[in-house]
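In: Have a look at this fold, sequence not included:
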């Protein structure tokens, strides 16, 4: 009887030690819920983890890096079409075009330095001074009291050729000069014309004293969007009728 009980106990122990056939991979399988817990739970050493919970970590984990910067840019933020940067003249808008006049001393030949073309199309980009008489040479003046610039008087004018192709709308446009009236007692002004109209700064707007300052006037109605053949002509105006122009700038608010 004792031997029979001992044999029965051995059989029971042997059955308990057998591995179930449908769990042959039991050493690799994780316990139920084990994998989910590993994904959802934040690591304590994760940057920015404060133990606030698994949801915050899971959201961060699934946000692509490329998407994150865009989240801080308003979808309706205006981008514009000009890339000339802020206007030196301080007027509203973006620099559409700017040139500077340079020379090699008083009385030398003045020449153009192209500083900025912020328009979408640069295929038409030229500025120069011309005279009414054959043999005219642009003159660089006023180097003792200020930076110097082109002498602009009744004998000459400045032509600027550009294109507004790629611009759909111009909300405002401003023409500015940096310089002074080249007269010991009288201020001056400037006026302009394009194929679309004429305009003028107020009489005596430009002071005759140094240092140079920026002087601006609205020219919105004289320049249109989508124009591939803009020609802007600038002349000195009353009262002095003579200026020294160091810089010329066109600023726009455009799309």
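Out: Right, received. Where do you want to start? Everything numeric in this text was worked out from a predicted model, so none of it was measured. Numbering: from 1, shown residues only.

In: Can you show me the strands along the stretch 51-200 of the chain?
Out: Under the criterion DSSP state E, counting those that start in this stretch, the stretch 51-200 of the chain contains strands at 94-102, 111-117, 125-131, 140-141, 149-152, 156-162, 170-181, 189-194, 197-200.

In: mind showing which ranges of the protein have poor pLDDT?
Out: Scanning the chain for pLDDT under 70 picks out 1-79.

In: run the last query once more with 50
Out: The chain contains residues with pLDDT under 50 at 1-4, 6-79.

In: So if we follow the domain assignment, how does it break up?
Out: According to automatic domain parsing, the chain is divided into the following domains: 35-77, 94-254.

In: my read: residue 101 touches residue 246, true?
Out: Yes - taking C-beta atoms under 8 Å as the definition, residue 101 is a contact partner of residue 246 at 6.0 Å. Every residue, glycine included, has its C-beta placed from N, CA and C.

In: okay, and the common contacts of these two?
Out: 148-150 (C-beta atoms under 8 Å, 6 or more residues apart in numbering).

In: Kindly indicate which of those lies nearest residue 177.
Out: Set against residue 177, the nearest of those by C-beta to C-beta is residue 149 (9.0 Å).

In: Excluding residues flanking it in the chain, which one is nearest the closest one?
Out: In space, and not counting its chain neighbours, residue 149 is closest to residue 246: 3.7 Å by C-beta to C-beta, 6 or more residues apart in numbering.

In: Which strands or helices does the helix or strand hosting that neighbour pack on?
Out: Following DSSP states H and E, the helix or strand that holds residue 246 is strand 243-254. On a contact count with 3 or more C-beta pairs under 8 Å, 6 or more residues apart in numbering; DSSP states H and E, strand 243-254 meets strand 94-102, strand 149-152, strand 156-162, strand 170-181, strand 230-237.

In: Taking their axis directions, it and strand 94-102 sit at what angle?
Out: 160 degrees (axes from the mean of the first three to the mean of the last three C-alpha atoms, to 10 degrees).

In: Sheet partners, orientation included, of strand 243-254?
Out: The pairing partners recorded for strand 243-254 under DSSP bridges are strand 94-102 (antiparallel), strand 149-152 (antiparallel), strand 170-181 (antiparallel).

In: about what we covered before: most tightly surrounded among the strands of the stretch 51-200 of the chain?
Out: strand 149-152 (a mean of 28; mean count of other C-beta atoms under 10 Å).

In: hmm, back to that, so which of the strands of the stretch 51-200 of the chain comes closest to residue 213?
Out: So among the strands of the stretch 51-200 of the chain, strand 170-181 is nearest, using C-beta to C-beta, at 7.2 Å.

In: Distance to residue 220 added to the strands of the stretch 51-200 of the chain, as CSV?
Out: Shown next, in CSV, are those (distance: least, C-beta to C-beta, whole Å):
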stretch, distance to residue 220
strand 94-102, 12
strand 111-117, 19
strand 125-131, 21
strand 140-141, 31
strand 149-152, 23
strand 156-162, 16
strand 170-181, 5
strand 189-194, 11
strand 197-200, 9
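
In: Adding distance to residue 84, write the strands paired with strand 243-254 out as a markdown table.
Out: A markdown table is the format used below for the strands paired with strand 243-254 (distance: least, C-beta to C-beta, whole Å):
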| stretch | distance to residue 84 |
| --- | --- |
| strand 94-102 | 3 |
| strand 149-152 | 21 |
| strand 170-181 | 13 |
